[in-house]
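Student: have a look; sequence and predicted model below, questions after that.
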Amino acid sequence: MAARLGVPVLVALAAAGLTALLSVTGMLTAVDEAFYDRLSTRLPPVEAMPETVVVAIDDPTFAELGLAWPWPRELHAQLIEALRAAGARQIGYDVVFADPGPPAGDAALATALDQDVILARYTTHSETPQGIMQMSVAPIRPLAQSARVASVDVPVDPDGAIRRINRDPEAMAAVLAGRAAPPRARIRFDPSGVQVVSFYQALDPAGMLPPGLFRDKTVLVGVILVAAPGTAAEMFRVPATASGAGFMAGVLIHAHAYRTLAARAWILPVHGLVPPLMALALALVVAAL
């Protein structure tokens, strides 16, 4: 009888050992992430997550304004003043003003900026004979001195998807939320609390948008283009992509990351030992039956 019971137990131990080996070597990562992507899109909304408005530099605005990119910086100054007048609490600007523009435009934008505006910077990598060189691309000095500056870099998983929050305390989401992300924290994507309006509408919120839309809210401004193929770099794979939702603009990812941090609603993956232990428990139960 003992011998008959020993065989299933050995099989259970072997199955657990194989699962542990696959888990440690990362061979189960793709399966785990695919399973996570399916489940994460079915999570219930978190009521404590703050509502956020995204002002989109989008196709309708290009059609309405009839201007080529880059737009005059006076226009960005006009938007910031309009959002502030409409009651926006803080404005995260996911546009990098790295090069000097016409002096009048730079001066107008610098005048409109204040500590309620967070401008973007990002890190670029280039390969040289001496190795990989890292360089920060930041706003020009007159603008950086007139506002706060935060990183818009996003951590990319091996399969090319965005799931995790940037742990940098100077990341855009962290600066907006006033706290950094814990290790391995993942974004809780909940589209119900993110409203998107066009740039041209936000220039005249009283005439084109519902009253109080921006009041006391965090507002993010960034590119969401469909028609222009040159903006493919602004779109990223997220968990909902696996369910057919398409790719997501970077500014929307920052909005979801901010909301996650503000509400402490991040998702933490289980410890790496949990899968093999679960496999062992399941195998032992099957062996006992």
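Tutor: Noted; the coordinates are in hand.
Student: tally of neighbours for the closest residue to residue 94 other than its chain neighbours?
Tutor: Closest residue to residue 94 apart from its sequence neighbours, by C-beta to C-beta, 6 or more residues apart in numbering: residue 222 at 3.3 Å. Yep, even glycine has a C-beta here, placed from its N, CA and C like the rest. By other C-beta atoms under 10 Å, 25 other residues sit near residue 222.
Student: measure residue 222 to residue 84 for me?
Tutor: Using C-beta to C-beta, to the nearest Å, residue 222 is found at 18 Å from residue 84.
Student: picking up where we left off before, give me the phi and psi angles of the residue nearest to residue 94.
Tutor: Here is the backbone geometry of residue 222 (degrees, to the nearest 10): phi -170, psi 180.
Student: name whatever forms a beta bridge with it.
Tutor: With DSSP bridges as the criterion, residue 222 is bridged to residue 56.
Student: what sits against it?
Tutor: By C-beta atoms under 8 Å, 6 or more residues apart in numbering, residue 222 lies in contact with 54-57, 93-95, 234, 249-252, 254.
Student: just residue 176 next, same as before
Tutor: Contacts for residue 176 (C-beta under 8 Å, 6+ apart) come out as 90, 92, 118, 150, 218, 220, 254, 258, 261-262.
Student: cool, residue 175 as well?
Tutor: Taking C-beta under 8 Å, 6+ apart as the test, what residue 175 contacts is 92, 118, 148, 150, 169.
Student: how near is the last one to residue 150?
Tutor: Computed with C-beta to C-beta, the distance linking residue 169 and residue 150 is 10 Å.
Student: a markdown table for the contacts of residue 176, including pLDDT, secondary structure and neighbour count?
Tutor: A markdown table is the format used below for those (pLDDT from 0 to 100; DSSP: H, G, I helix; E, B strand; the rest coil; neighbours: other C-beta atoms under 10 Å):
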| residue | pLDDT | secondary structure | neighbour count |
| --- | --- | --- | --- |
| 90 | 98 | strand | 20 |
| 92 | 98 | strand | 26 |
| 118 | 98 | strand | 22 |
| 150 | 98 | strand | 24 |
| 218 | 98 | strand | 22 |
| 220 | 98 | strand | 27 |
| 254 | 97 | helix | 27 |
| 258 | 98 | helix | 27 |
| 261 | 97 | helix | 26 |
| 262 | 96 | helix | 18 |
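Student: now the residues you listed in TSV, with distance to residue 67?
Tutor: Formatted as TSV, those follow (distance: C-beta to C-beta, whole Å):
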residue	distance to residue 67
90	26
92	23
118	24
150	27
218	27
220	21
254	24
258	29
261	34
262	34
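Student: return the member of those residues nearest to residue 103.
Tutor: The closest of the contacts of residue 176 to residue 103 turns out to be residue 118 (C-beta to C-beta; 23.8 Å).
Student: export the contacts of residue 175 as a markdown table, with columns for distance to residue 133.
Tutor: Below are the contacts of residue 175 laid out as a markdown table (distance: C-beta to C-beta, whole Å):
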| residue | distance to residue 133 |
| --- | --- |
| 92 | 28 |
| 118 | 26 |
| 148 | 26 |
| 150 | 22 |
| 169 | 24 |
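Student: ok, and for stretch 61-69, which residues are buried?
Tutor: Within stretch 61-69, the residues scored as buried using 16 or more other C-beta atoms under 10 Å are 61-62.
Student: tell me the spacing between residue 204 and residue 85.
Tutor: For residue 204, the distance to residue 85 - C-beta to C-beta - is 11 Å.
Student: the stretch 101-250 of the chain: helices as residue ranges?
Tutor: 103-112, 141-144, 172-177, 199-202, 205-208, 250-262 (DSSP state H, counting those that start in this stretch).
Student: closest one to residue 34 among the ones you listed?
Tutor: Across those, closest to residue 34 is helix 250-262 (C-beta to C-beta), at 19.5 Å.
Student: please tell me how far the closest one is from the chain's geometric centre.
Tutor: 5 Å (C-alpha atoms, centre = their mean, to the nearest Å).
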